[in-house]
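Trainee: coords please:
(one chain, ligands or ions: 2)
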Amino acid sequence: MHLSVRQKDSLMRHGVAISIDGPSASGKTSLAYALASRLGTRVLDTGLTYRAVAYAASRGPLPPDGRLFDVLRHELAAPGARPALPAVVYHGEDITDAIWSAEVEQQLRFISADPAWRRDITDHHRAIIGGHERMIVVGRDCATTLMTNADCHVFLTAMEAVRRERRRAQYRTQPERAVNVGPVTRLDDITREHVSRQPRGLVLDTTFLPTPAAVRAVLHHLGECR
Ligand SMILES: Nc1ncnc2c1ncn2[C@@H]1O[C@H](COP(=O)(O)OP(=O)(O)OP(=O)(O)O)[C@@H](O)[C@H]1O
Ligand SMILES: Nc1ccn([C@@H]2O[C@H](COP(=O)(O)O)[C@@H](O)[C@H]2O)c(=O)n1
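Mentor: Residues are numbered from 1 along each chain as shown. Ligands and ions are numbered 1, 2, ... in the order given. A predicted model of the protein is given here:
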């Protein structure tokens, strides 16, 4: 399951566009950063924008129509080794840690269920991707909406109990973080179906598949798609 040196060289020279979708704690972020460091590709973690908007909503009235993204900045993760989470800034304040609070988690439900917010956030992501088309985009509707022309669409899944345990272990040392891991949602099902029908689609169950093995599977798949 390895790319030849020539294939890897070509991927790094020309860049690669990958969408990664899946339910919470299926391993999307881990896979994205591991691939990014192998391929020198930038990462857009769309969940951070949803969290940032939820944070802004929890802080009081939002700026008038269309102005939110003037004051909310969400950096792409630069190529290279796995960075700390990319900085998210609201009104000049670093909210990178604050977006993981229980309060934000509660607001998230309303933001992600609201079609108007989904549209505005999607437009914002499209504007970011417009300037860097060769990148890894991670989230919930990336294959269906944001990166329909990716070189490879990945959908990760894993048993709910395993995802829940991963998150519990991850946050054992960060009790202030309150991230819900629930059942697979309807949006997850739609995206999974979509990815499984794509010639460039790859559905991986990470229940017993460590991240390095998932990286190898994606690289192998990329090699076959190109
Ligand atoms: N393939 C894997 N096998 C075992 N543990 C994993 C795997 N992938 C990720 N993990 C662990 O599971 C936890 C959640 O991983 P990660 O943040 O990558 O998931 P995610 O799908 O991006 O979650 P979310 O959508 O909620 O942000 C982390 O502690 C990570 O180390
Ligand atoms: N493309 C996306 C990304 C995220 N969401 C919603 O935001 C929540 C936070 O995302 P995490 O990846 O940090 O867990 C997530 O639970 C979704 O509700 C989304 O709808 N679409």
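Trainee: do you know how far the spatially most central residue of the chain is from ligand 2?
Mentor: The chain has residue 138 as the residue nearest its centroid, 2.2 Å off, counting by CA atoms, centre = their mean. Using CB to the nearest ligand atom, to the nearest Å, one obtains 7 Å as the distance from residue 138 to ligand 2. No exception for glycine: its C-beta is placed from N, CA and C like everyone else's.
Trainee: quick check: that residue is in a strand.
Mentor: Yes. Membership of residue 138 in a strand is supported by DSSP: H, G, I helix; E, B strand; the rest coil.
Trainee: for the residue of the chain found nearest ligand 1, which non-adjacent residue is closest in space?
Mentor: Nearest residue of the chain to ligand 1: residue 27, at 2.7 Å (CB to the nearest ligand atom). Leaving out its chain neighbours, the residue that sits closest to residue 27 by CB to CB, 6 or more residues apart in numbering is residue 206, at 4.5 Å.
Trainee: in contact with that neighbour, which residues?
Mentor: Residue 206 sits next to 26-27, 156-158, 214 when contact means CB atoms under 8 Å, 6 or more residues apart in numbering.
Trainee: distance check, it against residue 23.
Mentor: In this view, residue 206 and residue 23 are 11 Å apart by CB to CB, to the nearest Å.
Trainee: anything in contact with each of those two?
Mentor: 157-158.
Trainee: longest helix in the protein, by number of residues?
Mentor: Assignment by DSSP state H gives helix 115-131 as the longest helix of the chain.
Trainee: neighbouring contacts of that one?
Mentor: For helix 115-131, contacts defined as CB under 8 Å, 6+ apart pick out 44, 46, 49-50, 53, 66, 68-69, 74, 76, 111-112, 135, 137, 141, 145-147.
Trainee: dump the C-alpha coordinates for that helix into PDB.
Mentor: Taking C-alpha atoms only, helix 115-131 is exported to PDB below (Å, rounded to 0.1, in the frame of the first residue of the first chain):
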ATOM      1  CA  PRO A 115     -30.100  26.300   6.800                       C
ATOM      2  CA  ALA A 116     -29.300  30.000   6.700                       C
ATOM      3  CA  TRP A 117     -26.200  29.500   8.800                       C
ATOM      4  CA  ARG A 118     -25.200  26.400   6.800                       C
ATOM      5  CA  ARG A 119     -25.400  28.500   3.700                       C
ATOM      6  CA  ASP A 120     -23.400  31.400   5.000                       C
ATOM      7  CA  ILE A 121     -20.700  29.100   6.500                       C
ATOM      8  CA  THR A 122     -20.500  27.100   3.200                       C
ATOM      9  CA  ASP A 123     -20.100  30.400   1.300                       C
ATOM     10  CA  HIS A 124     -17.300  31.400   3.600                       C
ATOM     11  CA  HIS A 125     -15.600  28.000   3.200                       C
ATOM     12  CA  ARG A 126     -16.000  28.200  -0.600                       C
ATOM     13  CA  ALA A 127     -14.300  31.600  -0.500                       C
ATOM     14  CA  ILE A 128     -11.300  30.100   1.400                       C
ATOM     15  CA  ILE A 129     -11.100  27.100  -0.900                       C
ATOM     16  CA  GLY A 130     -11.300  29.300  -4.000                       C
ATOM     17  CA  GLY A 131      -7.800  30.600  -3.200                       C
END
